[in-house]
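Student: sequence and predicted structure, then a few things I'm wondering about:
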Amino acid sequence: MSEKSAFDVIVVGAGPGGYVCAIRCAQLGLKTALVDKNPRLGGTCLNVGCIPSKALLHSTEVFHELKEHASAHGIVCKDLEHDLSALMKKKDGVVDQLGKGVRALVTKKGVTCLEGSARILANGEIDVEGKSAGKYSANEIVIATGSKPVELPFLPYDGKIVVNSDHGIAFDRVPQKMAVIGAGAIGLELGCVWSRLGTKVEIIEFLPEICPQLDPEMSKVARRIFEKQGLSFRLETKVASAKVKGEKAILSLESSKGNDSLTVDRVLVAVGRGPCTDGLGLSEAGVEMDDRGRISVDHCFQTNLPGVRAIGDVIHGPMLAHKAEEDGVACAEILAGQSGHVNYDMVPGVIYVDPEIANVGLSEKQAKDRGIEVRTGSFPMAANGRALATGATDGMVKVVAEAASDKLLGVQVVARGASELIASAVAHMEYGGSSEDLARTIHAHPTLSESLKEAALSADGRGLHSI
Ligand code: NAI
């Protein structure tokens, strides 16, 4: 097919940024096409990221909970085993169902789906290679091609011994010993998945603490919990070099404590993600990039090339599905003549381990680094009645407020269900709420969410259930 179709908007990339942008464009009356090389829409998030990893995290959490804590509930589990292929099948089923859901949704909203790899041409057209091959023109093109795992130059992925997150959600057997390079979201989540299934996991982190987005005291609280669960951490440690020999990887490690080597049967590299811009013809079309290889855009997602915009992981900001979605909505509204806007200060981050780690806004350290005088309040989950009743006593909540105005600047939660608890903090902060507002908000009893209220009370030195 080599027809020339005229659309108002063509969105390239059908991840959460792209498909949400296409839906919003269609809702606003724009004739919209969505192109992706993968027949299953949903991008990294749905196919190899957020969704499959959360399915695996949940299944392994159930297994771990039964194995470690069933007896505390008076439940007798004998000869508990897992079946890896059934566990993977369950995950694949979730991905499949959601993939079909996204396609149905997009089609129902009136978006035309094209399948193939798109290249941007300078004249406002795209050239698609694949099932929907041909040239398509549009008044506006939105690039939403997402991101991919970064590779360490001395440790190329082979998908077997040296793996990234795409491979780490689909092992066909449980490795005996796995090194994870990077103690960020991916390292912790996949480290926990495989540790719960029996792998001895060592996480190697360059920085002095895990989860650098948190205050060091919260990172330490989290690390100690994961150490109790069986993960080991080597902090302030650099992987200087590595080699693969037969079925093993041998890593040379450097730290202030001296040099060491580590032999493992898998090494999962989780040192960050980089934007997917290859093969899009961006340099030929003259699209400017920033110093980190991301597409440069202004506050309207506009690149330097008229009629070409970009959203999500390929531009600035955290590489998170919900941030990409918000970019997509705002970009569509701008294209329809409205004033779309994203508040990048209020993007929550979550790591879905157990207990979960969630944060929004500034940490105490970040606020102080900006010269803001703050007061903080915290509350240990061990002092929360619901946590005690449900065996969720690991963790802590911390709130950070501006000293002068009491305005909430940030909230950090290490607790079971933190991914849900953080939502109320985001809402308070979105409306410019103070720590006093959070402290005076009625939280149902007994709930884990009371810990947020208590942390806010303690910021004013009047915690009711803490000493
Ligand atoms: P990350 O940037 O979150 O963490 C990478 C960690 O690796 C950092 O702590 C860094 O200090 C460390 N590191 C970097 N180079 C290193 C080296 N050579 N040796 C040892 N440590 C090294 O990256 P990650 O975990 O790969 O995630 C990538 C992106 O995907 C992030 O933007 C993350 O937010 C997002 N993501 C979010 C998830 C979620 O929201 N639950 C889940 C998975 C990914």
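Tutor: Received the coordinates, thanks. Numbers count the residues shown, from 1 in each chain.

Student: doesn't Asp345 belong to a strand?
Tutor: No. Applying DSSP: H, G, I helix; E, B strand; the rest coil, one finds Asp345 to be helix, outside a strand.

Student: quick check: the gap between it and Val411.
Tutor: The gap separating Asp345 from Val411 is 13 Å, by Cβ to Cβ, to the nearest Å. (C-beta placed from N, C-alpha, C; glycine too.)

Student: out of the two, which sits in the busier spot?
Tutor: Val411 (30 against 12; other Cβ atoms under 10 Å).

Student: longest helix anywhere in the chain?
Tutor: Selection of the longest helix in the chain by residue count, based on DSSP state H, yields helix 84-108.

Student: still on that earlier bit, what sits in contact with each of Asp345 and Val411?
Tutor: With contacts taken as Cβ atoms under 8 Å, 6 or more residues apart in numbering, the residues that reach both Asp345 and Val411 are Gly361.

Student: picking that back up, list the buried residues of the longest helix of the chain.
Tutor: When neighbours are counted by 16 or more other Cβ atoms under 10 Å, the buried residues of helix 84-108 are found to be 87-88, 91, 94-95, 98-99, 102-103, 106.

Student: next: stretch 155-167.
Tutor: Under the neighbour-count criterion of 16+ other Cβ under 10 Å, stretch 155-167 has 155, 157, 161-167 buried.

Student: how far does that stretch stretch from one end to the other?
Tutor: Distances were taken as Cα to Cα, to the nearest Å; on that basis the terminal residues of stretch 155-167 are 15 Å apart.

Student: can you check stretch 428-445 too?
Tutor: Using Cα to Cα, one end of stretch 428-445 lies 20 Å from the other.

Student: identify the residues contacting that stretch?
Tutor: 343, 346, 360-361, 375, 377, 385, 399, 401, 405-411, 424-425, 427, 449-450, 452-453, 456-457, 459-460, 462.

Student: and that stretch, which residues are buried?
Tutor: In terms of neighbour count (16+ other Cβ under 10 Å), stretch 428-445 has its buried residues at 428-429, 433-439.

Student: which of those residues lies closest to Gly29?
Tutor: Nearest to Gly29 out of those is Met429 (Cβ to Cβ; 33.2 Å).

Student: spell out which parts of the stretch 251-400 of the chain neighbour the ligand.
Tutor: On the criterion Cβ under 6 Å from any ligand atom, the ligand has as its neighbours in the stretch 251-400 of the chain the residues 270-273, 318-320, 349-352.

Student: I'd guessed Gly417 sits against Asp394; true?
Tutor: No. The pair Gly417 / Asp394 is not scored as a contact, 11.9 Å apart, by Cβ atoms under 8 Å.

Student: shaky segments in the chain?
Tutor: Under the criterion of pLDDT under 70, the regions of the chain flagged as low confidence span 1-5.

Student: where does it get nearest to the ligand, which residue?
Tutor: Here the chain gets closest to the ligand at one residue, Gly184, 2.0 Å apart by Cβ to the nearest ligand atom.

Student: how many neighbouring residues does the nearest residue to that residue once chain neighbours are set aside have?
Tutor: Nearest in space to Gly184, with sequence neighbours left out and distances taken as Cβ to Cβ, 6 or more residues apart in numbering, is Ala270 at 6.2 Å. For Ala270, the tally of surrounding residues (other Cβ under 10 Å) stands at 24.

Student: quick one: residues contacting Ala270.
Tutor: Under the criterion of Cβ under 8 Å, 6+ apart, the contact partners of Ala270 comprise 149, 164-165, 180-182, 184, 186-187, 190.

Student: thank you, goodbye.
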